[in-house]
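K.L.:
Return a 3D structure for these sequence lines:
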Amino acid sequence: MIYTVTFNPSLDYIVRLDAFKTGAINRLKYEKILCGGKAINVSIVLKNLGVSSIASGFTVGFTGMEIKRQLKDVFNCSCDFIELPQGNSRINVKIKADSETELNGQGPNIPQEAIEALFQKLDGLKKGDFLVLAGSIPNTLPNDIYERILKRLYPKGVSFVVDAEGKLLLNVLEYKPFLIKPNNHELSGMFGKTLKTAPELIEHAKILQRRGARNVLISRGGDGAILITEKGDCMTAPAPKGKLINSVGAGDSMVAGFLAGYLSSGDYKTAFRTGIAAGSASAFSDNLAVSKDVNSLMEQIIL
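P.N.:
Numbering: from 1, shown residues only. Model (predicted):
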């Protein structure tokens, strides 16, 4: 089974307009409210590709209830969130006009008892299970929460997928995550230098691999992606052709596509192609990737 953990899930209020002007009344052309969070997006796209998972994390209040309702009733996902004692799950505003602007809420306080409740849930994972940890953490959580979880579950033989930035990612490499997915900017940030070319990205991805990561998937936006596998293979592919509509969730969709492709085939080449197609399908749509669009885009990806 695949388990995903979103520490600070949200309701995303997504709006579109021709131009966004500060200090003025702006009339919307499009609006939608969707449950959000990187690992939640992974669960949704996995389900769209026919793979079940259990979404977990922390929710609270009327916004938390709506997050769980959408996951169950709209996206047909299983979830097992821990309900916090007070507050509300955050609301994020995504403004899409001549440029993209985001206003992200802080989220609720997460007490120690809730953290312990999460640990107890995760203790039920076993060898053969996958655990997806994705995204930043709220300031009410200890900054080593990723590391504590992997250290706790590593002896069980759980396969970890980690999509995070900076020290959140670097500090868990010793626990040999099955997959990490930095984008080119995040990889640059980890090494304190600008990495632009494919050879530069590959060189530094291999450093992360030597530190413990089994497979490193680098998303490069419109420039495609790179995969360095635990078998020593290095694959590169351009992005499929299409119109960028929504970049939110594209990286999460790539993670979900990679997992779905790998679990269906046991083959990293298939996983890589499915990951690129899923990420692109989300980028080319108002919504997260669905199977029909992923299959169509895969025809463009030739390694």
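
K.L.:
May I have stretch 126-145 exported as CSV, CA atoms only?
P.N.:
C-alpha atoms of stretch 126-145 as CSV (Å, rounded to 0.1, in the frame of the first residue of the first chain):
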residue,chain,number,x,y,z
LYS,A,126,5.5,-2.8,6.8
LYS,A,127,8.0,-4.0,4.2
GLY,A,128,6.7,-3.5,0.7
ASP,A,129,4.7,-0.4,1.6
PHE,A,130,5.5,3.0,0.2
LEU,A,131,5.5,6.3,2.2
VAL,A,132,5.3,9.6,0.3
LEU,A,133,6.4,12.7,2.3
ALA,A,134,6.0,15.9,0.3
GLY,A,135,6.2,19.6,0.8
SER,A,136,7.2,22.0,3.5
ILE,A,137,6.2,21.7,7.2
PRO,A,138,4.4,24.3,9.3
ASN,A,139,6.4,26.1,11.9
THR,A,140,4.5,24.3,14.7
LEU,A,141,6.2,21.0,13.8
PRO,A,142,9.8,20.1,14.7
ASN,A,143,12.1,20.9,11.7
ASP,A,144,13.5,17.3,11.8
ILE,A,145,10.0,15.6,11.4
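
K.L.:
Now do that stretch: distance to the chain's middle.
P.N.:
11 Å (CA atoms, centre = their mean, to the nearest Å).

K.L.:
now swap in stretch 240-260 and tell me
P.N.:
Distance of stretch 240-260 from the chain centroid (CA atoms, centre = their mean) equals 10 Å.

K.L.:
buried ones in it?
P.N.:
By neighbour count on 16 or more other CB atoms under 10 Å, the buried set for stretch 240-260 is 240, 246, 248-260. Backbone N, C-alpha and C define where each C-beta goes, glycine included.

K.L.:
Would you quantify the distance from the closest residue to Phe7 other than its chain neighbours to Ile110?
P.N.:
Distances taken as CB to CB, 6 or more residues apart in numbering put Ile137 closest to Phe7, at 4.9 Å, once the chain neighbours are dropped. For Ile137, the distance to Ile110 (CB to CB, to the nearest Å) stands at 9 Å.

K.L.:
quick one, which of these two is more surrounded?
P.N.:
Per other CB atoms under 10 Å, whichever of Ile137 and Ile110 has more neighbours is Ile110, with 25 against 18.

K.L.:
which phi and psi does Thr236 have?
P.N.:
Torsion angles at Thr236 (phi, psi; degrees, to the nearest 10) stand at phi -130, psi 150.

K.L.:
So it sits against Arg220, correct?
P.N.:
No: between Thr236 and Arg220 there is no contact under CB atoms under 8 Å: 9.1 Å.

K.L.:
Name the residues contacting each of these two.
P.N.:
Ile226 (CB atoms under 8 Å, 6 or more residues apart in numbering).

K.L.:
Show me the helices in the stretch 151-300 of the chain, by range?
P.N.:
Remark: helices assigned in the stretch 151-300 of the chain by DSSP state H, counting those that start in this stretch are 166-170, 184-191, 198-210, 250-265, 268-283, 291-298.

K.L.:
The second one - contacts with which helices or strands?
P.N.:
Right, the one you point to is helix 184-191. Judged by 3 or more CB pairs under 8 Å, 6 or more residues apart in numbering; DSSP states H and E, helix 184-191 is in contact with helix 166-170, helix 198-210, strand 215-219.

K.L.:
helices or strands up against the last one?
P.N.:
Applying 3+ CB pairs under 8 Å, 6+ apart, one finds that strand 215-219 makes contact with strand 179-180, helix 184-191, helix 198-210, strand 225-228, helix 250-265, helix 268-283.
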